[in-house]
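Enquirer: Give me a model of this one.
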Amino acid sequence: MTRLGAVITEAIVIHYGRDELLARLAHPFWFQSFGAVMGMDWHSSGITTSVIGALKRGLTPMSGELGIHVCGGRGRNSRQTPDELIAIGNRVGIDGGALAQTSKLVAKVDSAAVQDGFDLYLHGFIVTDDGKWVVVQQGMNDEKRQARRYHWHSEGLKGFLDSPHAAIEGRGQGEIVNLADHRADASRKGQLDLLASLGPDRIVREVVALDPKRQAKDLAQPMLPHLIMPAHHDVREEDVNMRRLHGTLAAAANRGPKDFEDLLMTPGVGARTVSALAMVAEVVHGAPCRFSDPARFSLAHGGKDRHPFPVPLKVYDETIKVMKSAVAKARLGREEELQALKRLDDQSRTLERYATGPDLKEIVAGEFSRSHEWGGRSVFGWEPAEDEERGKRRG
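Expert: Numbers count the residues shown, from 1 in each chain. Predicted coordinates:
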């Protein structure tokens with residue numbers, strides 16, 4: 001994940017720039033798809049920890065070259081974020097002290113001003129050399145065993161108490177206290193007034209003045225980009241836009257021989273790797289609307305929990321090899337390999353209008369049948385050969 005995440009990031013920066021990378025990290029659907037294409041459980045809350053951790057490990061050695069710095073992380077690492085930002089500011093010449101204050105304020109908003117039953121345990125802060133940033137935070141509700149992710153983006157941020165989130169990912173929990181909403185301005189002023197006077201009679205009068213009927217007339221909170229994951233962990237057909245999946249597979253079959261044998265000339269790259277690369281290409285080039293079904297991207301490299309199938313490590317390694325070759329040559333001004341990836345993505349969108357193919361169960365069954373051959377591995381170990389597996393079942 002560290003190697004593939006870093007090279008995908010490089011490809012996005014080369015093609016579209018650092019600002020576009022930040023915009024994508026702030027988008028919950030893209031973020032989920034990004035983690036899924038790297039082989040993390042498409043559904044698990046651990047996708048946030050894994051993506052932030054992989055980016056921090058993969059991008060830190062090249063932060064001077066890319067101008068992108070990943071700070072924070074889970075638990076103790078999150079508390080080190082302000083010091084990391086101050087050190088980066090001193091190194092590259094931006095106001096690290098102000099960024100450290102931003103980090104603390106963002107964490108306070110999601111832990112105190114937004115009271116939704118989720119306790120923060122992860123804080124990732126991604127900042128560029130020109131001071132633009134994205135924050136990805138995650139909270140956990142231990143009682144319900146559910147997670148919620150909060151996305152922040154410096155672009156367009158009017159204030160920390162004016163509906164500041166770029167997006168929120170998580171299942172609705174009913175009414176919450178959200179003092180960061182722009183409509184809570186009167187409430188915030190009232191609280192300050194109460195703190196200033198702080199007399200029991202005044203507080204009692206305010207409580208009596210509350211009118212539930214009037215509160216019910218308030219407008220509903222404007223919808224944010226809001227990703228809700230299902231309760232099941234396995235990948236089902238209703239989780240995948242099959243039209244897009246068939247388009248991707250058809251494009252891999254059509255363009256693969258031309259672009260990946262003749263052009264890339266990478267030894268060992270076969271049809272299965274081209275299929276994975278087609279999904280990686282979409283993560284690099286796709287518009288936001290393309291990521292409404294993040295489960296589809298788990299079909300690139302599977303998942304560590306065998307959903308939808310074990311990670312085919314041989315295919316994964318070939319994907320990384322092709323991507324690293326393309327990015328390295330693009331840095332030298334030779335972008336033909338990166339352009340081949342873009343053509344593959346363009347072809348997917350063209351073919352999905354009419355391409356057909358097997359249903360999801362057939363696709364997944366085919367992956368399992370060749371899992372041993374492709375180096376399939378999960379948290380349960382290496383996948384055995386089919387005849388060995390049949391022997392175990394008979395036994």
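
Enquirer: Isn't T81 up against H123?
Expert: Yes. Contact between T81 and H123 holds when scored by CB atoms under 8 Å: they sit 5.9 Å apart. C-betas here are computed from N, CA, C, even on glycine.

Enquirer: Now list whatever residues contact both of these two.
Expert: Common neighbours of T81 and H123 (criterion: CB atoms under 8 Å, 6 or more residues apart in numbering): G72, S103.

Enquirer: And those two? Which one has more around it.
Expert: Neighbours were counted for T81 and for H123 using other CB atoms under 10 Å; H123 has more, 27 against 23.

Enquirer: Show me how the chain divides into domains.
Expert: Domain assignment for the chain by automatic domain parsing gives 2-227, 237-381.

Enquirer: Dump these to CSV, plus mean pLDDT.
Expert: Output for the domains of the chain, formatted as CSV (pLDDT from 0 to 100):
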stretch, mean pLDDT
domain 2-227, 86
domain 237-381, 86
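
Enquirer: winner for burial among these?
Expert: domain 237-381 (a mean of 19; mean count of other CB atoms under 10 Å).

Enquirer: all strands for the stretch 1-150 of the chain, in order.
Expert: Taking DSSP state E, counting those that start in this stretch as the test, the strands found in the stretch 1-150 of the chain are 68-74, 114-115, 119-128, 133-141, 146-153.

Enquirer: Show me the one of the ones you listed that comes nearest D181.
Expert: Each of the strands of the stretch 1-150 of the chain has some distance to D181 by CB to CB; the shortest is strand 114-115, at 8.7 Å.

Enquirer: Relative to the closest one, what are the paired strands and their orientations?
Expert: Note on strand 114-115: by DSSP bridges, its sheet partners are strand 177-178 (antiparallel).

Enquirer: got a list of contacts for the partner strand?
Expert: Counting by CB under 8 Å, 6+ apart, A113, V114, Q115, D116, A184, Q221 sit against strand 177-178.

Enquirer: And the fourth one, how close does it get to G96?
Expert: Which is D116. Distance, D116 to G96, by CB to CB, to the nearest Å: 30 Å.

Enquirer: what does stretch 343-362 contact?
Expert: With contact meaning CB under 8 Å, 6+ apart, stretch 343-362 is reached by 235-237, 240, 242-252, 254-255, 259, 274, 277-278, 281-282, 284-286, 308, 363, 366.

Enquirer: How far away from the center of its chain is that stretch?
Expert: 23 Å (CA atoms, centre = their mean, to the nearest Å).

Enquirer: Stretch 308-326 too?
Expert: On the basis of CA atoms, centre = their mean, stretch 308-326 sits 19 Å off its chain's mean C-alpha point.
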